[in-house]
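> Fold the following, please.
(chains A and B)
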2 protein chains.
Amino acid sequence: MTLFDSIQKPTLLLDETAARANIRRMAAKARASGAAFRPHFKTHQSAEIGEWFRAEGVRAITVSSLDMALYFADHGWDDITLAFPANLRQLAGLNELAGRVRLGLLVESREAALGLSQGLSASVDIWLKVDSGLGRTGIHWQDAPAAAALAGFIRSLPHLRLRGLLTHAGNTYEAPGPAQAAALHRQATSRLDALRRELAGLGTEDLLVSVGDTPGCSAVESFAPADEIRPGNFVFYDAEQYLFGACGWEQVAVALACPVVALHPERGEAVIYGGAIHLSKDFYQQGGRRIYGLVCLPEGERWGAPLADAWVERVSQEHGVLRLAQADLARLQVGGLVCILPAHSCLTAQCMGRYLALDGRWVEMMGVR
Amino acid sequence: MTLFDSIQKPTLLLDETAARANIRRMAAKARASGAAFRPHFKTHQSAEIGEWFRAEGVRAITVSSLDMALYFADHGWDDITLAFPANLRQLAGLNELAGRVRLGLLVESREAALGLSQGLSASVDIWLKVDSGLGRTGIHWQDAPAAAALAGFIRSLPHLRLRGLLTHAGNTYEAPGPAQAAALHRQATSRLDALRRELAGLGTEDLLVSVGDTPGCSAVESFAPADEIRPGNFVFYDAEQYLFGACGWEQVAVALACPVVALHPERGEAVIYGGAIHLSKDFYQQGGRRIYGLVCLPEGERWGAPLADAWVERVSQEHGVLRLAQADLARLQVGGLVCILPAHSCLTAQCMGRYLALDGRWVEMMGVR
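So this is what the prediction gives:
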C-alpha cells in the first residue's frame, strides 16, 4: 500500500527533506550575515520539527502565544521570544515561564511595561515593538521621543531588561514580487537602525534590532544591519510564497491531500473533500482571482508540479471547488486524490493539527487549546 | 470573581439561554409547517448542545463528515444524514456506521452510487444531491433526465434506499436581506418540488424534498412544500446573520472574549489578542468593508449590544485590529476585554474547540481530528 492509498480524508502531507532544506538555507544565510537566527515556530508548532531546527544550530526561538511558549519550553527550548504585545491577563503564566526560561516579551505602552513589572517576580527581556510601516501595532518608527520615553521608563522598572527594537515587516506580504519585498525588508531594517541611532543620541544605548518576515528574508542576500531575524513561514512556504516568487514549488514542504468527490466538466470544476476547516479561509489575491490553493496530483510518493491554470477557487466548511482545464479534469476521478498547496501554510497547519510525513509517520503538533 | 475576571486569552463564550431559544423557535416553525426538522450539527459539534435539540423533540440530525457522524452516534443519535457528496475513500467507516444507525448519504454520480453499493454491506438512505442554484455541486435542478437516470440506477442497486432530493440553497447567504433570502429559499424549494414532479412523471415516485440554509429558514414563514429542513447556523447566529437581518443581536449566542493588548487612538484602532486562528479568516462584506466581527463590551455576566460603527477590520494569525470611534476607544484599556461577535460562528466554533458557558462551565465539542 502506498502513502496515497492510505489516505481517506483531508490529510496534511509533510516533505521532511524539503523542510530541512528550507531550514538549512535560512540558517546559513543568517550565519553569513552575522545575524542571530530566532525562527518563528508558529508556522509548524511541532516539537519534532523543532528538532530539525536544533540540528541546524538553532538555540533560540520565537512564538506567538504563551501556550506555544509553554509547549516548546516543555520540549527543551530555553530562550523564547513571545512576539506578541504582552497580554496582561496572562501574568501568572508569564511569570511561571520566566522562572524557567529566558523569556522575551514585547512592550509598546507604559501600561504594559508597568503591568509586567508589577506582576512579574522573575526577570524578562523586553523588546520595544516598533511599527516600521505595516501599521498593525507598535510605536511608530519616526516617533523617537515616544520610544525614548518608553525605553527610559522600562529601564527604570524592576524585572524588565530592555534588549532592543523589534518589528514585523508584514507589508512584504503585499509586495508584487521578491525585489519589492527585499526593498521593503531593507527599509524596515533601516528604519529600526535609524531609530536605534536616534535613541542612542537620546541616551538609550546598546539596543539590538530584530526583524523577520518570510518574503523579505527569502529575497535579501544579507540581513545587516539587523542583529536578529525571526521568519517562520519559510519552513514550509506555500502557494502564496510560490506565486509571489519567494520559492520554487519543490520547496513547498506541505500539501493537503484531498479526496475528489464530484466532477463538473461542463463548467471546468471539481469538488474536493477539503474546505475552510482544513485549508483555512485565507486566499492569495492574484488579479481578479482568489486563490485558496494550487492543485497538484500525486506522483509516486510525493506530489507533482502545480497544474497550470488550476486553483482552489472557493471553499465552504468542508467543500473545496477546483477550477481546472478539461485535460486536467479528465485525469481526476471520483474517489481519487489531489494534493493542494495551501494559500497560507501557517493557518492550514493550525487547522489540521498534525502532519503525515511522506514515510507514513505522523508528526505531531501542540494541541489546539 | 466574575466570568470575565477569569478570562486570560481568547475564549468563546456561549449563551445557553439564547441558543435554546433559537432552537425552540426553529423547531416550532418546522412543526407548524409540517416539515421534519433535521438540524445541521456542524455549527456546534457538541454532544451537550445536541441534548438541547433533543429537549425540543429533535431525533434526526445532519452532519458534514464521517468523524462528526461517528461522534454523534457515540452520543446516542441514530438517524444521521451526512450532507456531503459521498467520499468513496471512507467506505469502511461508512459501512461500520451504517450497521449502527440509520445513515443517509448524498449521491450525484453513477460512480459514487456504484462505489457505495459495492462497498457497503449495510443499507443506507440515499439523497440525490441537487444543485438548486448555488452552483457548488449536485445535479442541476433542470436536468430531469440525468436525475431520473441516476435515480433509476440507484434503485437498481443493493444496499441503497433512495429517499429523495436534497439541496443546500447557500446562495441565500449572498442575498442583500431577509426578503430576498426568503425568495431564494422558496425558489430552491420550488425547484426541487418541480424536479420531484418531473421525476414522478418519468417513473421515479415517492421522493422527499430536503432543504436547509439559515438565512432562508429564518426568513420564511412556512417551509412547504419541503418535507424536511436542515439549517445549522441558527443555533448561534453570528455577526453576518445579524447584519444581514436574519436575527437580532440578542439572538447571537456566541461571542469571542478577547484581551485588549494595544490602543492606537491616533488612527481609531485597537489591537486584540484574537485573530485568524480564533475567529477564522471569514468575513462579511458590507460595502467596502470586510467585517471579521462586531465589537461588544462585557456588561454584567453577558456582552452588550454591538458598538455602533465598530468592527474587526483585519486579522492576522493571533492579532485582530478593531476600528472604532474615539468615544468607544476611550472605554478600552490595555489588559481589558472586548467580546467579538464572529463574522461566521461555525468556523469560529471549529477554531476554538470548546465553549465557556456564561455560568462558567466548559461545554465540550468533538476533537479536531
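> pLDDT score assigned to the nearest residue to residue A:247 once chain neighbours are set aside?
Sequence neighbours aside, residue A:237 is the residue nearest to residue A:247 in space, at 4.4 Å (criterion: Cβ to Cβ, 6 or more residues apart in numbering or on different chains). For the C-beta atoms, the positions are set from N, CA and C on the backbone; glycine is no exception. pLDDT recorded at residue A:237 is 98.
> swap in residue A:368?
Predicted confidence (pLDDT) for residue A:368: 62.
> need the helices for chain A, in chain order.
Remark: helices assigned in chain A by DSSP state H are A:16-33, A:47-54, A:66-74, A:91-98, A:110-119, A:144-156, A:178-201, A:214-219, A:239-244, A:276-279, A:326-329, A:345-352.
> Return the most buried member of those.
helix A:214-219 (a mean of 28; mean count of other Cβ atoms under 10 Å in any protein chain shown).
> Would you mind putting the CA coordinates of that helix into CSV?
C-alpha atoms of helix A:214-219 as CSV (Å, rounded to 0.1, in the frame of the first residue of the first chain):
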residue,chain,number,x,y,z
THR,A,214,9.5,35.3,5.1
PRO,A,215,9.1,37.2,1.9
GLY,A,216,11.8,39.7,2.8
CYS,A,217,14.2,37.2,4.5
SER,A,218,13.9,34.9,1.4
ALA,A,219,14.6,37.7,-1.0
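> Identify the residues contacting that helix?
The contact list for helix A:214-219 (Cβ atoms under 8 Å, 6 or more residues apart in numbering or on different chains) reads A:26, A:29, A:169, A:172-173, A:175, A:178-179, A:181-182, A:184-186, A:188, A:223, A:229, A:231-234, A:237, A:241, A:244, A:246-247.
> got the end-to-end distance for stretch A:266-277?
Start-to-end span of stretch A:266-277 (Cα to Cα, to the nearest Å) is 27 Å.
> Skip the chain neighbours and tell me the closest residue to residue A:178.
Leaving aside its chain neighbours, residue A:178 sits nearest to residue A:219 (4.0 Å; criterion: Cβ to Cβ, 6+ apart).
> Could you do residue A:265 as well?
Nearest one to residue A:265, counting by Cβ to Cβ, 6+ apart, is residue A:329 at 5.4 Å.
> Ok, residue A:70 next?
Excluding the flanking residues, the one nearest residue A:70 by Cβ to Cβ, 6+ apart is residue A:97, at 6.2 Å.
> Contact partners for the one you found?
By Cβ under 8 Å, 6+ apart, the neighbours of residue A:97 are A:66, A:69-70, A:73, A:80, A:103.
> Distance of it relative to chain B?
According to Cβ to the nearest Cβ, to the nearest Å, residue A:97 stands 13 Å off from chain B.
> Residue A:298 is in contact with residue A:331, correct?
No. Using Cβ atoms under 8 Å, residue A:331 is not in contact with residue A:298, being 10.8 Å away.
> More neighbours: the two, which one.
residue A:298 (20 against 12; other Cβ atoms under 10 Å in any protein chain shown).
> So what's the residue count around the closest residue in space to the more buried one that isn't next to it in sequence?
Distance criterion Cβ to Cβ, 6+ apart; nearest residue to residue A:298, sequence neighbours excluded, is residue A:4 at 4.7 Å. Residue A:4 is flanked by 19 other residues according to other Cβ under 10 Å.
> Tell me which residue lies farthest from the centre of chain A.
Of all residues in chain A, residue A:266 has its C-alpha farthest from the mean position, at 38.7 Å, by Cα atoms, centre = their mean.
> Where does pLDDT dip in chain A?
By pLDDT under 70, the weakly predicted segments of chain A are A:368-369.
> Domain boundaries for it, per the record?
Using automatic domain parsing, the domains assigned to chain A come out as A:4-11+A:247-364, A:78-231.
> if I read this right, the residue nearest to residue A:247 contacts residue A:22, doesn't it?
Yes. Counting by Cβ under 8 Å, residue A:237 touches residue A:22, with 6.7 Å between them.
> Could you name every residue contacting both of those two?
By Cβ under 8 Å, 6+ apart, residue A:237 and residue A:22 have these common neighbours: A:247, A:251, A:253.
> if we take these, which one ends up nearest to chain B?
Nearest to chain B among the shared contacts of residue A:237 and residue A:22 is residue A:253, at 18.4 Å by Cβ to the nearest Cβ.
> Which neighbouring elements make contact with the strand ranked longest in chain A?
Determined from DSSP state E, the single longest strand within chain A is strand A:254-264. With contacts taken as 3 or more Cβ pairs under 8 Å, 6 or more residues apart in numbering or on different chains; DSSP states H and E, strand A:254-264 sits against strand A:11-14, strand A:269-273, helix A:276-279, strand A:337-342, helix A:345-352, strand B:79-85.
> List the pairing partners of it within its sheet, with orientation.
As defined by DSSP bridges, the strand partners of strand A:254-264 come to strand A:11-14 (antiparallel), strand A:269-273 (antiparallel), strand A:337-342 (antiparallel).
> Let me know which of those strands is tucked in deepest.
Mean neighbour counts for those (mean count of other Cβ under 10 Å) peak at strand A:337-342, with a mean of 28.
> tell me the angle that strand makes with helix A:345-352.
130 degrees (axes from the mean of the first three to the mean of the last three Cα atoms, to 10 degrees).
> ok, and what's touching strand A:337-342?
So strand A:337-342 is contacted by A:4, A:7, A:13, A:238-239, A:242, A:249, A:252, A:254-260, A:270, A:272, A:274, A:279-280, A:292-298, A:303, A:306, A:312, A:320, A:322, A:332, A:348, B:89 (Cβ under 8 Å, 6+ apart).
> gap between it and the chain center?
20 Å (Cα atoms, centre = their mean, to the nearest Å).
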